[in-house]
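K.L.:
Sequence and predicted structure are below.
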Amino acid sequence: MSTKKVNVTFQPVNVTVEAEEGTSILNIALEHDIHIDHNCGGNCACTTCHVIIKKGMENLSELEDEESDMLDKAKGLTLTSRLGCQALVYGDVVVEIPKK
């Protein structure tokens, strides 16, 4: 069985990459040499991989309580903020990597 592919566009670098469905935004970025900080190693223990979803929020995994609690500590929080390590992609999305 083949895995469905999705397109993820990273801004402000304006790079669109193809990735396997069900992969986290952070892992997709790392696999394609797109820099997103991840001080805790992708364990939902910090907010350094905070990203803003510009398009395709409905194509991400559901926001879990642990991620929601951690996001409350993120700088520049928006209504479409997610942690890159926790948000799994199930369709095309546009992701903004905020300036730190």
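P.N.:
Yep, it's here. Numbering: from 1, shown residues only.

K.L.:
The chain: strands as residue ranges?
P.N.:
5-11, 15-20, 23-24, 50-55, 81-83, 88-89, 93-96 (DSSP state E).

K.L.:
Point out the most buried one among those.
P.N.:
strand 81-83 (a mean of 25; mean count of other C-beta atoms under 10 Å). For glycine as for every other residue, the C-beta is placed from the backbone atoms N, C-alpha and C.

K.L.:
Please identify the pairing partners of that strand and their relative orientation?
P.N.:
strand 50-55 (antiparallel) (DSSP bridges).

K.L.:
Now the partner strand: average pLDDT?
P.N.:
Averaged across strand 50-55, pLDDT comes to 98.

K.L.:
quick one: it to strand 5-11, angle?
P.N.:
110 degrees (axes from the mean of the first three to the mean of the last three C-alpha atoms, to 10 degrees).

K.L.:
Dump the strands of the chain into JSON lines; add distance to residue 35 as well.
P.N.:
Shown next, in JSON lines, are the strands of the chain (distance: least, C-beta to C-beta, whole Å):
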{"stretch": "strand 5-11", "distance to residue 35": "10"}
{"stretch": "strand 15-20", "distance to residue 35": "11"}
{"stretch": "strand 23-24", "distance to residue 35": "15"}
{"stretch": "strand 50-55", "distance to residue 35": "12"}
{"stretch": "strand 81-83", "distance to residue 35": "16"}
{"stretch": "strand 88-89", "distance to residue 35": "18"}
{"stretch": "strand 93-96", "distance to residue 35": "13"}
